[in-house]
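Q: no FASTA, just this:
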């Protein structure tokens, strides 16, 4: 099996609907898909069911692929990628 080079892990700032802010490490972020819309494009009929939709984040930590966050989409206000070179305009260096 070949080794996959994922590069450095990214930091994401999660703002929850409650206002709480936390940082999560991730190489991959998966957003929920609307499978019913996809099926309808091909003429399939669907029965809409109310199911929770989840955002999932994964990262390779200490050589292991880990789930670092799984949260209901409705509980998250924003997800922001935090970069190391981030600068605030007008702030002193």
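A: All right, it came through fine. Small disclaimer: the values here were computed from a predicted structure and weren't measured.
Q: give me every residue that touches the residue positioned nearest the centre of the chain.
A: Note on the chain: the residue nearest the mean C-alpha position is residue 29, at 3.4 Å, using C-alpha atoms, centre = their mean. Residue 29 sits next to 12, 55, 56, 57, 79 when contact means C-beta atoms under 8 Å, 6 or more residues apart in numbering. Any C-beta I mention is one placed from the backbone N, CA and C, and that applies to glycine too.
Q: So it: helix, strand or coil?
A: Using DSSP: H, G, I helix; E, B strand; the rest coil, the structure places residue 29 in strand.
Q: how close does residue 90 sit to residue 84?
A: 20 Å (C-beta to C-beta, to the nearest Å).
Q: got it, and residue 67?
A: Residue 67 is 24 Å from residue 84, where distance means C-beta to C-beta.
Q: okay, these two: which has more neighbours?
A: A direct count of neighbours by other C-beta atoms under 10 Å for residue 67 and residue 84 places residue 67 higher, at 10 against 6.
Q: before we move on, back to that, what bridges to the residue nearest to the centre of the chain?
A: Beta-bridge partners for residue 29, by DSSP bridges, are residue 57.
Q: what does residue 12 give?
A: residue 24, residue 81.
Q: wouldn't it be in contact with residue 23 here?
A: Yes. At 7.0 Å, residue 12 and residue 23 qualify as touching, with contact defined as C-beta atoms under 8 Å.
Q: Fine by me, thanks again.
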